[in-house]
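> I'd like to go over a predicted model; first the sequence, then the structure.
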Amino acid sequence: MHGKGDMTMAARSHKAQAVADKRQIKRIHTLSSKMELPDETYRKWLQERYAATSSKQLTFDQAEDFIAVLEYFGVRCGYWEADPNRTKYGELAGRPHMASPPQLRMVESMWAELTRPATDEEKDATLRGFLFKYFKVSDLRFLDSSAVNKAILALKAMKVRKWEGSPKSPQAAKEVH
């Protein structure tokens, strides 16, 4: 019979050895396809780096590492450019009951698309005004998980209604002055 300590150690060991998930495997195949990576090279990298013959044999951590390797070489070889916004708000990850970094990036992106601000400062100021008026938070990073979902739904509705052409939109106000 195992003690409580044994169960915790086994759970930790199992978590560390968790297999790659479907999202990771799909990402690996998408990246290698975009790079037109020959199958022989792909298999060689798997074998030499992870002692695996297929991405399905990778652990979760190995798959994350392989994705990072493929992304690195994709940028270095000119297949695509690095996305500087990919890690934006990364320091805010893991906060209980708060918006995730991808959600924050989505709100910011949707706002920029709707308002088409002239400067980053204008975008930030108008977004803060929107967030304060409707969600009583002074900055994007203070949105909780419930409020961020409401904000995303509101922005989607604004886009459907073509809010950018409304007399109340920031563009209309800017044109009046």
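Noted; the coordinates are in hand.

> What ranges does this protein have for its helices?
Using DSSP state H, the helices of the chain run over 4-16, 22-34, 39-50, 60-76, 101-115, 120-135, 145-160, 170-176.

> show me what contacts the most centrally placed residue in the chain?
Per C-alpha atoms, centre = their mean, the C-alpha nearest to the average position across the chain is that of residue 102, at 3.9 Å. Neighbouring residues of residue 102 by C-beta atoms under 8 Å, 6 or more residues apart in numbering: there are none. Just so you know, the C-beta spots here come from the backbone N, C-alpha and C atoms, and that holds for glycine as well.

> excluding its backbone neighbours, what's nearest residue 135?
residue 147 (4.7 Å; C-beta to C-beta, 6 or more residues apart in numbering).

> residues near the one you found, how many?
For residue 147, the count of nearby residues is 18 (other C-beta atoms under 10 Å).

> cool, and residue 73?
Using other C-beta under 10 Å, residue 73 has 15 neighbouring residues.

> from what I can see it touches residue 34, true?
No. Contact criterion C-beta atoms under 8 Å: residue 73 and residue 34 do not qualify, at 10.9 Å.

> any common contacting residues for these two?
Contacts common to residue 73 and residue 34, judged by C-beta under 8 Å, 6+ apart, are absent.

> residues touching the closest residue to residue 80 other than its chain neighbours, list them.
In this structure, residue 80 finds its nearest non-sequential neighbour in residue 74, 5.5 Å apart by C-beta to C-beta, 6+ apart. Contacts here follow C-beta under 8 Å, 6+ apart; on that basis residue 74 touches 31, 34-35, 80.

> And residue 90, by the same measure?
Going by C-beta under 8 Å, 6+ apart, residue 90 touches residue 101.

> Quick check: the gap between residue 80 and residue 31.
Taking C-beta to C-beta, to the nearest Å as the measure, residue 80 falls 9 Å from residue 31.

> What count of nearby residues applies to the closest residue to residue 158 other than its chain neighbours?
Of all residues not flanking residue 158 in the chain, residue 114 sits nearest, at 5.9 Å (C-beta to C-beta, 6+ apart). When neighbours are counted by other C-beta under 10 Å, residue 114 registers 21.
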